[in-house]
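Q: missing the sequence, but the structure's below:
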């Protein structure tokens, strides 16, 4: 069952102190922020192995599973999950990012298929996937775009498949943290990268998924701690959260 996420005033105060620490020591903490990739990778492997009853310590626990990485960008997830046995299709509408990701995969000897098609156009291929990744995509999509994306994922998800996602909450704290701090003050993201009205809470996401006969089965909050310089899993979903989606 998803974890209760109502933050206390004390939690909010602590988060603000962490934000201030990031602001006063940006150079020291940027490297730690990039560890988010590792947190997501561990989460993907753990949830996939739990769902398909695989041993995550085996060399290729995802062997034979069809995996779709939507909005892959130039990340190395496609190559990494290919080496864990999955048959991977990585898609992104940005041609430059796809070319970078493909070059990195080729350099590592990872056999991954890349395409610049969007998720909705992939539906026409009538291919089903055991695992669909939707990482940090929803917070950049309009309500209409979210609905089309969720529809497409529902159409392409195998009956016993899972969608693993990560996104930003629509809380005021998240808007302050990602837009004001990380984008405007620390410049970790290009100007105008975040549109806060597109951020989505876990409750809003559940409602959007329900329209397409999908449900959230697992939720996990994540937060960057500037003191330890690592991303940590937490119960609180008020900033960024990850989760697993299945057919109802």
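A: Yep, it's here. Bear in mind the structure is a predicted one, so any value in this text is a computation, not a measurement.

Q: list the buried ones in whichever helix or strand residue 155 is part of?
A: Using DSSP states H and E, residue 155 sits within helix 143-156. By neighbour count with 16 or more other CB atoms under 10 Å, helix 143-156 contains the buried residues 145, 146, 149, 150, 151, 152, 153, 154, 156. In short, each C-beta sits where N, CA and C put it, glycine included.

Q: nearest to residue 111, of the residues you listed?
A: Taking CB to CB as the measure, residue 111 lies nearest residue 156 of these, at 20.8 Å.

Q: Let me know the distance separating the closest one from residue 195.
A: 26 Å (CB to CB, to the nearest Å).

Q: How about residue 210?
A: 24 Å.

Q: and if you look at residue 162?
A: 28 Å.

Q: out of the two, which sits in the busier spot?
A: For residue 162 versus residue 195, neighbours defined as other CB atoms under 10 Å are more numerous around residue 162 (24 against 12).

Q: what's the burial count for residue 211?
A: 11.

Q: I'd say it and residue 147 touch.
A: Yes: using CB atoms under 8 Å, residue 211 is in contact with residue 147, at 7.3 Å.

Q: Can you pull the residues that touch both of the two?
A: Residues touching both residue 211 and residue 147 (CB atoms under 8 Å, 6 or more residues apart in numbering): there are none.

Q: Flag the shaky bits of the protein, pLDDT-wise.
A: The chain contains residues with pLDDT under 70 at 1-34, 226-229.

Q: Apply 90 and report the result again.
A: In the predicted model, the chain carries pLDDT under 90 at residues 1-38, 73-76, 177-178, 180-193, 223-233.

Q: Next one: the spatially closest residue to residue 54 that is not a sequence neighbour relative to residue 208, how far apart?
A: Distances taken as CB to CB, 6 or more residues apart in numbering place residue 61 nearest to residue 54, at 3.9 Å, with adjacent residues excluded. Counting by CB to CB, the separation of residue 61 from residue 208 is 31 Å.

Q: For the protein, which segments count as helices?
A: 9-24, 26-33, 36-51, 77-83, 95-108, 119-122, 143-156, 172-175, 202-210 (DSSP state H).

Q: Out of those, flag the one nearest residue 216.
A: helix 202-210 (5.5 Å).

Q: How far off centre is the closest one?
A: Centre-to-centre, helix 202-210 and its host chain are 16 Å apart (CA atoms, centre = their mean, to the nearest Å).

Q: buried stuff in that helix?
A: Applying a neighbour-count criterion of 16+ other CB under 10 Å, the buried positions in helix 202-210 are 202, 205, 206, 208, 209.

Q: Now flag whichever of the residues you listed is closest to residue 233.
A: residue 202 (15.0 Å).

Q: That closest one touches residue 221, doesn't it?
A: No: taking contacts as CB under 8 Å, residue 202 lies outside contact range of residue 221: 9.3 Å.

Q: For residue 158, give me its contacts.
A: 66, 128, 129, 130.

Q: roughly how far apart are it and residue 120?
A: Counting by CB to CB, the separation of residue 158 from residue 120 is 18 Å.

Q: same check, this time on residue 112
A: Taken as CB to CB, the span from residue 112 to residue 120 is 21 Å.

Q: more crowded one of those two?
A: Shown here are residue 112 and residue 120; by other CB under 10 Å, residue 112 has more neighbours (25 against 15).

Q: so the more buried one makes contact with residue 76?
A: No: between residue 112 and residue 76 there is no contact under CB under 8 Å: 10.1 Å.

Q: Good, wrapping up.
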